[in-house]
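Colleague: Would you be able to build a 3D model of this:
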Amino acid sequence: MPELDLPQIAESQALAYVTSNDADAKLEAALCSELSGHDPSAGDVTLSAAEFRGAWHHVIGGSPAAAFNFIIPAIARPFMVSNASGETATVKTATGVAGQVLDGETRLFYSDGTDVRSLTDTLSDGSGGGGHSGALVLLASDQSITNNTATPLNWGSESYDTDGYHDNTTNNSRLTVPTGVTKIILRGQIRWDSSIAGVRQFLVNKNGSGSFDGRSVGTLEAQSPLTLQDFVSPVLAVTPGDYFEVNAWQDSGGTRTVVSNVSCWFSIQAIE
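Modeller: Residues are numbered from 1 along each chain as shown. Below you'll find the predicted structure:
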């Protein structure tokens, strides 16, 4: 069995029980053992094949300065990760879809050797209670908005993304509904630069269109020293693959800026 590297009994092997006992011990460890001490304080954590095969539950501690990757080998198997590091752990192979574990969460995953898939809702303490699925994204840098032109905001930074709702590079204006989600709530806040000329507007689009029930749109006269606009959608019925964007619009007569800041963000939360 190459995924768990269990020893195999050869045909007509003498003392076959020894090989069988060794295989049973490895299988028991793969299904029942816990490996703690994963420390991302110096950066990403990369598991060896032996570490990944030899434990079901992986516990992350340490004191990392920022979010980090928890990189597993290209081996197919279910496994569980608990994160007590204070930062978000992105669980991934060298390529493929990644999962995430927020600080204080325990999540169950399956890797097919390339993609990492979440198998359960999150658990805040590893025992009971509902879970959270969603994403919170921010601007990686200030974004210019041309006068009288609706412009999708490009969210180049993630605070968290539990189930592949967002990509920082490809179509980063979008929050996309993953498989298994049927109802969501959108929230956001837009922070404009300092100018009192004209009005500021945001428009939420679904699949590139504004024609959907529960659309959020806001218009506000520009404020000094800055203009903030926020919104919360109703519960929206969705299908996997639906995506949402926030468009910014202004008519100050010149180019204005949506400011990269912790107070400028877009989020999606799965309800069902």
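
Colleague: In terms of helices and strands, where is Leu136?
Modeller: Under the criterion of DSSP states H and E, Leu136 resides in strand 134-138.

Colleague: packing partners for that strand?
Modeller: Under the contact criterion of 3 or more CB pairs under 8 Å, 6 or more residues apart in numbering; DSSP states H and E, strand 134-138 touches strand 157-161, strand 265-270. (Glycine included, C-beta is placed from N, CA and C.)

Colleague: What's the biggest strand in the protein, counting residues?
Modeller: The longest strand of the chain (DSSP state E) is strand 183-192.

Colleague: is it fair to say Ala36 lies in a strand?
Modeller: Careful, residue 36 is Ser and not Ala. Yes: Ser36: assigned to a strand according to DSSP: H, G, I helix; E, B strand; the rest coil.

Colleague: thought it was touching Val59?
Modeller: Yes: between Ser36 and Val59 there is a contact under CB atoms under 8 Å: 3.9 Å.

Colleague: Next one, pLDDT for Asn171 please.
Modeller: Asn171 is assigned a predicted lDDT (pLDDT) of 96.

Colleague: Would you mind measuring from the closest residue to Asp103 other than its chain neighbours to Ser263?
Modeller: Using CB to CB, 6 or more residues apart in numbering and skipping residues adjacent in sequence, the residue nearest Asp103 is Gly86, 5.3 Å away. For Gly86, the distance to Ser263 equals 22 Å [CB to CB, to the nearest Å].

Colleague: Gln250 now?
Modeller: Applying CB to CB to Gln250 and Ser263 gives a distance of 18 Å.

Colleague: Pick out whichever of the two has more residues nearby.
Modeller: Between Gln250 and Ser263, counted using other CB atoms under 10 Å, Gln250 has the larger neighbour count: 28 against 12.

Colleague: Look up which residues are beta-bridged to that one.
Modeller: Under DSSP bridges, the beta-bridge partners of Gln250 are Arg200.

Colleague: which residues sit in contact with it?
Modeller: Applying CB atoms under 8 Å, 6 or more residues apart in numbering to Gln250 gives the contacts 145, 147-148, 192, 198-201, 222, 256.

Colleague: Contacts only, for the closest residue to Thr95 other than its chain neighbours.
Modeller: Counting by CB to CB, 6+ apart, Thr114 is the residue found nearest to Thr95 once chain neighbours are left out, at 6.1 Å. By CB under 8 Å, 6+ apart, the contact list for Thr114 reads 74, 93, 95-97.

Colleague: Weed out the non-buried ones from the residues you listed.
Modeller: Buried members of those, scored by 16 or more other CB atoms under 10 Å, are 93, 97.

Colleague: Report the two of the contacts of Thr114 separated the most.
Modeller: Ala74 and Val97 (13.3 Å; CB to CB).

Colleague: where's the longest strand of the chain relative to the chain centroid, distance-wise?
Modeller: Centroid separation between strand 183-192 and its chain, computed with CA atoms, centre = their mean, to the nearest Å, is 16 Å.

Colleague: Tell me what angle it forms with strand 265-270.
Modeller: If you take axes from the mean of the first three to the mean of the last three CA atoms, to 10 degrees, strand 183-192 sits at 170 degrees to strand 265-270.

Colleague: tell me the angle of strand 183-192 relative to strand 134-138?
Modeller: Strand 183-192 runs at 10 degrees relative to strand 134-138, counting by the same axes, to 10 degrees.

Colleague: and strand 183-192, what other elements does it pack with?
Modeller: For strand 183-192, the packing partners by 3+ CB pairs under 8 Å, 6+ apart come out as strand 199-206, strand 227-232, strand 236-237, strand 243-250, strand 256-258, strand 265-270.
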